[in-house]
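1. I'll drop the sequence and a predicted model, then ask my questions.
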Amino acid sequence: MSASTDTINELTRKGYEYGFVTDIEQESAPPGLNEDTVRFISAKKEEPEWMLEWRLEAYRQWLEMASPNWAHVNYPPIDFQSISYYAAPKNQPKSLDEVDPKLLETYEKLGIPMHEREMLAGVAPEGRSNVAVDAVFDSVSVGTTYKDKLAEKGIIFCSMSEAVREHPELVKKYIGSVVPRGDNFFAALNSAVFSDGSFVYIPKGTRCPMELSTYFRMNAGHTGQFERTLIIADEGAYVSYLEGCTAPMRDENQLHAAVVELVAHKDAEIKYSTVQNWYPGDENGKGGIFNFVTKRGLCEGANSKISWTQVETGSAITWKYPSCVLRGDNSVGEFYSVAVTRGRQQADTGTKMIHMGKNTRSTIISKGISAGHGQQSYRGLVRVLPAASGARNYSQCDSMLIGDQCGAHTFPYIDAQHPSAQIEHEATTSRISEDQLFYCMQRGIGAEEAVSLIVNGFCKDVFKTLPMEFAVEAQKLLEVTLEDSVG
Amino acid sequence: MSAVVESTSVYLQDFRSRSVDEPAWLAERREAGIQAFEALGLPHRRMEAWRNLKLGLLGQEHFAAADALGAVPMALAPTAALVPEAWRLVFVDGHLSPGHAAVDALPKGVTVRPLREALAQDAELLETHLGRHAELDAHPFAALNSAFWADGALIDVAPGTVLDAPVVLVFLSSESSAHRASYPRVLVRAGESAEFRIAQIHAGPDNLPYFVAPVTEIVAEANSSVQLHHVQEEGDSAYHLGLVHADLARDARLHLHGFNDGGKVGRTDIYVNLAGEGADARLDGLYLVGDGQYADYHTWVRHQSGHCTSQQLFKGVLSGKAESVFDGLIHVHKGAQKTDSQQQNRNLLLSPRALTHSNPRLEIYADDVKCAHGSTVGELDRDALFYLRSRGVGENDARGLLTFAFANEMLQPIGIEALRDHVGQRLAAFMPGDATVKELL
C-alpha cells in the first residue's frame, strides 16, 4: 500500500505548476527590520501619521515577544533580519489599463482574469464570470477589477493601501479590532510591516452582486509577504470572498505572515474561502513557504454569520487557525477545511470558536490527508463562556493516512462553562482500505481514479461549501497533489 | 516568579538536610528526582500540560514531608477497613501503620510488603524496577515523590499465579497532617500470566490543607492481567497530585479504574506504554466535582508496538463552581500498525458556574490503524427531565435519577464488589435528590 518513493519524488517535482518567476523590474527594501523599515514601508504607501504610529507601536510590542514554539511543526529559526519587508514592481500603474503587460500575463498564466472588458463581453479566457479580483504582487496591489461597478452599490473593494488613504475613518475604526496588534508574535510582526491586502466594506442591507477575490502572488526572492485583509459587512449585508495564492519555486524558505480580520454586523453574513497553494518545497523539504497566518472573524451583531472554508494544499509549513468570535446572540460560525500534506510538508491548522452570545452555534468539519512524510495536526478550540446559554457546537475531524511515513494528529481543546451548552467532538483516523480500492477496481476504475474518487468523497462535505469555480479547482488540485501516491 | 524560585529551593534544602542511610542506587534515584524537580519547578500557566491547574496554597507555602506515623482519623476508620476480604496495608501520613496490616497467608510466590522492609528483602527487584519506569520530566510532583518517598508498598506476583482476593492499599492522612506532604510509593510487578486486582485508596480529613503526591509503577510481564482501582477521596482542602505508570509487555492486560471524588485539587496522570504486541489497556474514570473543587485526569497512552488495543472512557459530573480537566493522549508510534484505540470523554454540567476542559488528543505516526476519540459536554436532557416530572417525580429527584443513570456506567467496571458499593454510596451522596430516591438505587 505504501507509496513508492520514486513516484512521490517525481510528483513533488512536477506537481507544482505555478513555480515560475516573472522577470520584471522590481524595487525592494534592503533586508532587515528596525523602526526605519517600518517608516520606509509607511512612507512608500503614503500613509497618514496615525497609521505609522500604529505600526511603530506594533513593532515595539513585537520586540518584546518571543517566537511561539507550541505548534506541532519543526522548522529552523527564522532570521527576521535577513528578510526584505517590501518588494514591488517598479512601475506602479495608476489604473488597470496601465498595468505592466508582463504582470497581466503572469495572472493570465495563473488563470486569474484581469480584463474587465473581455469578461463583460462574455469571452473570458478561463470561463470564470462575475468575479472581481484584487491582484496582489509581492507587497503591492497591482490592480482591482470591477471597482466602479461595485462602487455604484456603495461597496468598497480596494487594496489596503488605498483604503488607508481614501477611507481612513473606516480603517481606523476596524483595523486591529478583531486581531489586536499584540495578539500573537506573527500578528504583531504583520501589524508593524504589513504591505498590501484587500479592504472590503459592504454597506447596510447590500448583497454583494459578485464574488470578490484576491490573488496573492509572491515573486521576489528573499522577501516575506505580509498582507492584511479587512472585510466589514454592515447590517444585513452579504459577501462571498475568495482568496488564492501561489509562489515561485525557490530553495529558500519564504515567510508569509498575514492577518485577516472579518467583522459581521447584525444580520450580516461573510463567506471566506481560501485555496492555498503556496510552493510546498521540494521532495527533501528544501524551500517552500512558511505560511503563518492569523485569521479571525467577529460576529459582532445578532444573527450574523461567518463561514470559513479552506483548502490547504501548499506551503512547507501551514500554521493557521481561522477563528470566529461569536459575540452577537444567535450568531453562527462555520469552519470547513481540507488540508493535504505530502512530501515534507507540515500543517498545524484548525479553528477557534469562542461562544459569547446566547444561542450561538458553530460547526467544524476538518478533513486532513497526509501522504509521504507529511505531518498534519488539527488543533481547535471550542470555548463556551458563562453568558453563552444555549450554545451549540459540533466538530468532526477526520484524518486519512496514505503511506506509513506520515502522521496525523488531533488536538481539540474544549472549555465549556455553561450547562446548557452542547458540545460534541468526534475524530477518526483511517486509510484508504484495500476493500474500497478493490471494489472500485473490480468495476473497471483504475487505481489512481479510484483513489481520487475515494479522497474526493472523503472531502465532499467541505468541497460542497466552496463557490463553484473554486470547488472545481480544488478537486483538480487534490487530484494532482495525490496522483501516484497510492497504488 | 520569586515565590516559585523560593519554594523550589525550599524542597531542595529539605532534601539536602535529610540524614538517611540507604543503598547507593536508591540515593542516586532520589537525587535524580530532586534534580528533575529543580529543573521543572512548580507548574505554572505556561506549562501546556499544567495550564489549568491553580496551585493555590501549594504554590505559596512550604509543605514539608510528614516525618511520623499519624493516627487514623475516627471518621476514616471504615475507609481503612474497606473490602474486608482483602490483603491489606494501611499507611498514615506516608508511613506504615502496622496495626492495620493484614498480609498473612499469602499464596506462595506472592509478596505484599511495605517498601521499607522490601529494601532489605527484595533489594534486587527494587533496584531493577523502582524508579525505573515512572517519567519525572513532565510531572514535578512525581519528581518530588522520587526524592522524598518514605514508605509504600511492593506487590510482586510470581508467574502463573492468580489471586482471587484483591490487594488493598490504603493511604490516609491524619488530623496532624496540616501543611504536611506525604509521598506514597507503590511498585507492582506481575509475573508472566499472573492475574490479580489491586485497590489503591487515598483519603483524609476535611478542612485540613495537606498534600499527597503518590506514584505507582506497574510492570506487567507477558500475558499478565492487572486491575487497578485508584480511588481518590481526599479531604476537601487537600492537594492530591499523583501519577500511575504502567509498562505492558506482550499480551499483558491492564484495567485501570479511577474514581476522583475528593480534594480541593485532585489530579492523576496515567501513563501506559503498550510495549509488546497484543497488549491491551482499558482506562476508565469517573470524577464527581463539587463546589470549589478541581479534578483532573491526564492520560498518556503510547502504542509502541503493533496489534495493541486500548480504550479510554472518562465521565465527569460537575456541580457548583467546579472545574474539571480531561486531557487524554493516544500516541501511535511509527510502525505500530493494526492499533485499535478508542477514547471518550463525557461531561455533565449540573451548574452554570461549572467549567470543564476536555482535550482528547491523537498523535498518529502509522497508517494502518483504527483510532477514534470523542468528547461531549452538556446538561441533563430536558425531555428526559420532563418525562420524569410528568410522572410525578420531583425535579430534584429527577435530576438525581438522571445523574445516576449517567454515572452508573462507570460503576459497573469496578471488579471488587465491596468497592463498587462504596463508590455507589459516594455517588449517591453527591447527586441531587432526597434519600428515598437514593435508597431505590
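-> Yes, it's here.
2. quick one: low-confidence ranges for chain A?
-> Within chain A, the stretches with pLDDT under 70 are A:1-15, A:91-98, A:113-130, A:469, A:480-487.
3. Find the centremost residue of it, please.
-> Nearest to the geometric centre of chain A sits A:Thr274, at 4.8 Å (CA atoms, centre = their mean).
4. All the helices of chain B, residue numbers only.
-> Along chain B, counting by DSSP state H, helices occupy B:2-16, B:24-40, B:57-60, B:77-80, B:115-121, B:123-129, B:140-148, B:382-390, B:395-408, B:417-430, B:435-440.
5. tell me, which of those is the model least confident about?
-> Lowest mean pLDDT within those: helix B:2-16, a mean of 68.
6. Now stretch B:347-364: buried residues?
-> B:347-351, B:353-364 (16 or more other CB atoms under 10 Å in any protein chain shown). All C-beta atoms are positioned from the backbone trio N, CA, C, and that covers glycine.
7. tell me the average confidence for that stretch?
-> Stretch B:347-364 comes out with an average pLDDT of 92.
8. That stretch: how far from the chain's middle?
-> In terms of CA atoms, centre = their mean, to the nearest Å, the centre of stretch B:347-364 is found 19 Å from the chain centre.
9. now do stretch B:166-181
-> That offset, for stretch B:166-181, works out to 14 Å (CA atoms, centre = their mean).
10. list the contacts for whichever residue of the stretch 1-150 of chain A sits closest to chain B?
-> At 6.5 Å from chain B, A:Trp70 is the closest residue in the stretch 1-150 of chain A, using CB to the nearest CB. Contacts for A:Trp70 (CB atoms under 8 Å, 6 or more residues apart in numbering or on different chains) come out as B:Glu48.
11. Now name the helix or strand holding it.
-> Using DSSP states H and E, A:Trp70 maps to neither a helix nor a strand.
12. hmm, who's touching the helix or strand containing A:Gly244?
-> Using DSSP H and E, A:Gly244 sits in strand A:238-246. Here strand A:238-246 makes contact (CB under 8 Å, 6+ apart) with A:18, A:110, A:112, A:131, A:198, A:200, A:202, A:206-208, A:211-218, A:229, A:231, A:233, A:256, A:268-279, A:314, A:467, A:470.
13. Tell me the gap between stretch A:420-430 and the middle of its chain.
-> Mean-position distance between stretch A:420-430 and its chain equals 25 Å (CA atoms, centre = their mean).
14. Over to stretch A:299-312?
-> Worked out by CA atoms, centre = their mean, stretch A:299-312 lies 14 Å from the chain centre.
15. Just the CA coordinates for that stretch, please, in CSV.
-> The C-alpha coordinates for stretch A:299-312 follow below in CSV (Å, rounded to 0.1, in the frame of the first residue of the first chain):
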residue,chain,number,x,y,z
CYS,A,299,-19.8,38.1,14.6
GLU,A,300,-20.4,41.4,16.2
GLY,A,301,-24.2,41.7,15.9
ALA,A,302,-27.1,39.4,16.4
ASN,A,303,-27.9,36.7,13.8
SER,A,304,-24.6,37.3,12.0
LYS,A,305,-22.7,34.5,10.3
ILE,A,306,-19.1,33.9,9.4
SER,A,307,-18.1,30.9,7.4
TRP,A,308,-14.5,29.9,6.7
THR,A,309,-13.7,27.4,4.0
GLN,A,310,-10.1,26.5,3.3
VAL,A,311,-8.3,24.1,1.0
GLU,A,312,-4.7,23.9,2.1
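16. Pull out the buried residues from it.
-> For stretch A:299-312, a neighbour-count test (16+ other CB under 10 Å) marks A:299-312 as buried.
17. ok so, going back, restrict the strand holding A:Gly244 to CA atoms and write it as PDB.
-> Output of strand A:238-246 as PDB, limited to C-alpha atoms (Å, rounded to 0.1, in the frame of the first residue of the first chain):
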ATOM      1  CA  TYR A 238     -23.700  39.600   2.400                       C
ATOM      2  CA  VAL A 239     -20.400  39.000   0.800                       C
ATOM      3  CA  SER A 240     -18.500  36.000  -0.500                       C
ATOM      4  CA  TYR A 241     -14.800  36.400  -0.700                       C
ATOM      5  CA  LEU A 242     -12.200  34.100  -2.300                       C
ATOM      6  CA  GLU A 243      -8.500  34.100  -1.800                       C
ATOM      7  CA  GLY A 244      -5.900  32.300  -3.800                       C
ATOM      8  CA  CYS A 245      -2.200  32.200  -3.600                       C
ATOM      9  CA  THR A 246       0.900  30.900  -5.300                       C
END
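18. Buried ones in that strand, by neighbour count?
-> For strand A:238-246, by 16+ other CB under 10 Å, it's A:Tyr238, A:Val239, A:Ser240, A:Tyr241, A:Leu242, A:Glu243, A:Gly244, A:Cys245, A:Thr246.
19. Roughly how far does the last one sit from A:Ser433?
-> Looking back up the chat, that one is A:Thr246. 34 Å (CB to CB, to the nearest Å).
20. Give the bridge partners for A:Ala408, please.
-> Taking DSSP bridges as the rule, A:Ala408 bridges to A:Gln376, B:Ile364.
21. Show me the strands in the stretch 101-250 of chain B, by range?
-> B:110-114, B:152-157, B:167-172, B:180-182, B:185-190, B:195-203, B:211-212, B:215-220, B:225-233, B:239-248 (DSSP state E, counting those that start in this stretch).
22. so what's the residue of the stretch 201-350 of chain B found nearest chain A up against?
-> When scored by CB to the nearest CB, the stretch 201-350 of chain B has B:Leu349 as its residue closest to chain A, at 3.8 Å. B:Leu349 sits next to A:Ala416, A:His418, A:Pro419, A:Ala421, B:Leu318, B:Thr356, B:Val377, B:Gly378, B:Glu379 when contact means CB under 8 Å, 6+ apart.
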